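Asker: Take this sequence and fold it.
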Amino acid sequence: MPILSRYLRVSAAFAAVILAGLTHGVSAQTVDNVVTRPLATAPESLKTGRPQTDGAGPSTGVGVFDRMGAKLPDLPPEKDYKGPVDDAYGAYQRGYYLTAMEKALPRAQLGDPAAQALMGELLADGLGVKRDMKNAAFWYSKGAEGGDAAAMFKYSLMLIEGRFVKRDKAKADEYMHKAADAGNASAQFNWGQILTADNPGDKGLKLALPYYEKAAEQGIADAQYAVAEIYSSLPDLPEEKKQLSREWMARAAHAGYDTAQVDLGIWFVNGQNGPRDFVKGFQWLRLAANRGNVVAQNKLAHLYINALGTKPDPVEAAKWYVLSRRAGLPDAALEDFYLGIEEDQQKAAIDAANKFRRIQ
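Answerer: Down below sits the predicted model:
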């Protein structure tokens, strides 16, 4: 039985995956309700010591993330760009927006899809000019018609929303699919979302997985999380993919995706998809808790009570319980614990909870 019960926050970015696929046929996971139950007391042999630095030097600027867990494989090096230099995009990247528009507009008027996409971007964000979504939609549509991947993605979103152009799901899906196949990472993730929404269950996940994988390889944290969850739960996948589920979850966690941080912490505590490590599980859950994740705060209270990955600390345990309870996450076992500690400990916990400030 897992030591920590699992909970997935249904974020706006990942709702389609959870609703369409991960809740189907995964009996060991609970995603639609918060599951809270007391931690089983772990035997002494399962409690790990503090992680060693192995001679590693001080952080070079990544911050706390580079000290959380095992080192991840390096990303593939970027290839040198040998194509033509785009003066309009160069000006845009340096923040010279009026110059970018002056260089892009003549090309856009002559039918250059990349310049049309840039015109849409400048107008949509109000960069150097007044924000004008209707004209942005016009240029995005022209760039999309010309096959520019970024324009197809942005115009697809506008067609889905239906605010500045007439809503058209069929055309939106067509452009999103084309943008994904053209290599746009955001389109790849969103096309995966569409596939899971339109094809509930394992079928949708299998159709979406190649697009999630491509987006994950390009650094989209939501896609990395999706790949980790699908690798972990989808049956009939090659074993080599299942063995990579924790690595992809770690990538999403290192990118700051708090739901991934919570899940990775629980995976470490429960020994899911890899070796059990209470210290690393505690560290990831503490990080997410300090950033305001309510589920992490709840789980952290259990770890402090049971001395898993940390020393026992009733005041800290009560503090995190108070914070999660205030946020609307009840827990009968933690309530019993809280009522059983000394009154001065309760007061100290409430005082600590009142002073808590989220870490951004």
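Asker: which parts of stretch 198-208 are buried?
Answerer: Residues 199, 202, 204-208 are the ones in stretch 198-208 that count as buried (16 or more other C-beta atoms under 10 Å). The C-beta positions use only the backbone N, C-alpha and C, and glycine is treated the same way.
Asker: And these, which is closest to residue 313?
Answerer: If you rank these by distance to residue 313 using C-beta to C-beta, residue 205 comes first, at 40.5 Å.
Asker: any idea how far residue 115 is from the closest one?
Answerer: In this view, residue 205 and residue 115 are 38 Å apart by C-beta to C-beta, to the nearest Å.
Asker: One more: residue 279?
Answerer: 53 Å.
Asker: higher neighbour count, the two?
Answerer: Taking other C-beta atoms under 10 Å, residue 279 and residue 115 do not tie; residue 115 has more neighbours (27 against 18).
Asker: what helix or strand does residue 280 sit in?
Answerer: Under the criterion of DSSP states H and E, residue 280 resides in helix 278-290.
Asker: Report the contact partners of residue 162.
Answerer: By C-beta atoms under 8 Å, 6 or more residues apart in numbering, the residues touching residue 162 are residue 168.
Asker: pLDDT score for it?
Answerer: pLDDT for residue 162: 96.
Asker: Tell me who's in contact with residue 225.
Answerer: Contacts of residue 225 by C-beta under 8 Å, 6+ apart are 14, 248-249, 252, 257, 259-260, 263.
Asker: out of those, who's nearest residue 110?
Answerer: After measuring these against residue 110 - C-beta to C-beta - the closest member comes out as residue 14, at 40.7 Å.
Asker: returning to that earlier point: among the contacts of residue 225, which are located in helices?
Answerer: Members of those lying in helices (criterion: DSSP state H): 248-249, 252, 259-260, 263.
Asker: would CSV of those with neighbour count be doable?
Answerer: Shown next, in CSV, are the ones in helices among the contacts of residue 225 (neighbours: other C-beta atoms under 10 Å):
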residue, neighbour count
248, 27
249, 30
252, 26
259, 25
260, 25
263, 29
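Asker: Report the two of the residues you listed separated the most.
Answerer: Farthest pair in those, by C-beta to C-beta: 248 and 259, 13.3 Å.
Asker: just to revisit the earlier point, considering the ones in helices among the contacts of residue 225, which is situated nearest to residue 287?
Answerer: residue 260 (10.9 Å).
Asker: For the longest helix along the chain, name the packing helices and strands.
Answerer: Assignment by DSSP H gives helix 202-217 as the longest helix of the chain. On a contact count with 3 or more C-beta pairs under 8 Å, 6 or more residues apart in numbering; DSSP states H and E, helix 202-217 meets helix 185-198, helix 221-233.
Asker: Tell me which other helices or strands the first one touches.
Answerer: I take that to be helix 185-198. Right, helix 185-198 is packed against helix 15-17, helix 149-161, helix 169-181, helix 202-217, helix 221-233 by 3+ C-beta pairs under 8 Å, 6+ apart.
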